[in-house]
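> got a structure for you, letters missing:
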């Protein structure tokens, strides 16, 4: 029986600070936008966007790997939350 070939997956990950955590970068961006004339901006939250290409047998395997990466390295679970989507790539 032939072995199944792994597929390449693209994970798009967004990491943001939890709502209860102060966001000094967001406050600085808000101030900059106000000084540029965008006075209607009420709040800004800054975060990280990460793309990872990985090899996995199927989507569930890829999602499991990405979730573990986020838990162990990419996000600090004490102060950050994350979300991601995984799709096949070439």
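All right, it came through fine. These numbers come from a predicted model, not from an experiment.
> if I pick residue 64, what's in contact with it?
Residue 64 sits next to no residue when contact means C-beta atoms under 8 Å, 6 or more residues apart in numbering. Backbone N, C-alpha and C define where each C-beta goes, glycine included.
> mind listing what's buried in whichever strand or helix holds it?
Assigned by DSSP states H and E, residue 64 falls within helix 59-69. Applying a neighbour-count criterion of 16 or more other C-beta atoms under 10 Å, one finds 61, 62, 63, 65, 66, 69 buried in helix 59-69.
> setting aside sequence neighbours, what's the nearest residue to residue 50?
Distances taken as C-beta to C-beta, 6 or more residues apart in numbering put residue 13 closest to residue 50, at 4.3 Å, once the chain neighbours are dropped.
> in a strand, that neighbour, correct?
Yes - under DSSP: H, G, I helix; E, B strand; the rest coil, residue 13 falls within a strand.
> ok, now which ones touch it?
Residue 13 touches 48, 49, 50, 51, 52, 66, 70, 74, 82, 83, 84, counting by C-beta under 8 Å, 6+ apart.
> again, but for residue 44
Applying C-beta under 8 Å, 6+ apart, the residues near residue 44 are 23, 26, 27, 29, 30, 33.
> tell me the pLDDT at residue 90?
On pLDDT, residue 90 comes in at 77.
> thinking it is in contact with residue 10, fair?
No - under the criterion of C-beta atoms under 8 Å, residue 90 makes no contact with residue 10, lying 9.3 Å away.
> of those two, which one has the most company?
Taking other C-beta atoms under 10 Å, residue 90 and residue 10 do not tie; residue 10 has more neighbours (15 against 5).
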